[in-house]
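Enquirer: any chance you can model this:
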Amino acid sequence: QVQLGESGGGLVQPGGSLRLSCKMSGDTLEDYAIGWFRQAPGKEREGVSCISMKHDRPYYADSAKGRFTISGDNAKNTIYLQMNNLKPEDTAVYSCGALPVLLYTGTCREYEYDYWGQGTQVTVSS
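Expert: Coordinates of the predicted model:
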C-alpha cells in the first residue's frame, strides 16, 4: 500500500524559501508520478507542480513558474518542492499525491491522483 508523508512546512516571511519533502513508502517512486497540490482556506485544491521521475517532464502551474522547483531522489524515494520568493498568497496546506506513472499525462489534475499524504502547512507572513 502506497503511503505518502510530507514535511518541511512552516512560517516564513515574504521573499523567503522553504523546501517541502514528500516521502513515499510501500512502493517504488519511479513507478509513480508525484504532484504537489495546495489548498488555501475557502479555496479549492490546486495543482502546483507534478513530475514523473521516469519521464522527467515537470509541470508547473503559472503561479509556480520561476519560483518553485520540483525534483526527486529515487534512492530516498522522495520528491522535493523548493519554493523561493514566497508570497502571502502561497499560504496553504500543501499535499503530495501519487499517480501510477503509466497514467501520467504531464499535468496536475487532482482527480487523477490516487494516493495522498496528510499535508503540511505553509504560512507566508511578516
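Enquirer: what's near enough to touch the closest residue to Tyr113 other than its chain neighbours?
Expert: Nearest residue to Tyr113, sequence neighbours excluded (C-beta to C-beta, 6 or more residues apart in numbering): Gly97, at 3.3 Å. For every residue, glycine as well, the C-beta is placed using N, CA and C. By C-beta atoms under 8 Å, 6 or more residues apart in numbering, the contact set of Gly97 is Leu4, Ile34, Gly35, Phe37, Glu110, Tyr113, Asp114, Tyr115, Trp116, Gly117.
Enquirer: can you pull out the strands in the chain?
Expert: With strands called from DSSP state E, the chain shows them at 3-7, 10-12, 18-25, 32-39, 46-52, 59-60, 68-73, 78-83, 92-100, 115-116, 120-124.
Enquirer: those strands: which one's closest to Gly106?
Expert: Between Gly106 and those, the tightest spacing by C-beta to C-beta is seen for strand 59-60, at 5.8 Å.
Enquirer: that older thread, I'd like the strands of the chain laid out as JSON lines, including distance to Gly106.
Expert: Converted to JSON lines, the strands of the chain look like this (distance: least, C-beta to C-beta, whole Å):
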{"stretch": "strand 3-7", "distance to Gly106": "20"}
{"stretch": "strand 10-12", "distance to Gly106": "30"}
{"stretch": "strand 18-25", "distance to Gly106": "18"}
{"stretch": "strand 32-39", "distance to Gly106": "9"}
{"stretch": "strand 46-52", "distance to Gly106": "8"}
{"stretch": "strand 59-60", "distance to Gly106": "6"}
{"stretch": "strand 68-73", "distance to Gly106": "13"}
{"stretch": "strand 78-83", "distance to Gly106": "16"}
{"stretch": "strand 92-100", "distance to Gly106": "11"}
{"stretch": "strand 115-116", "distance to Gly106": "19"}
{"stretch": "strand 120-124", "distance to Gly106": "25"}
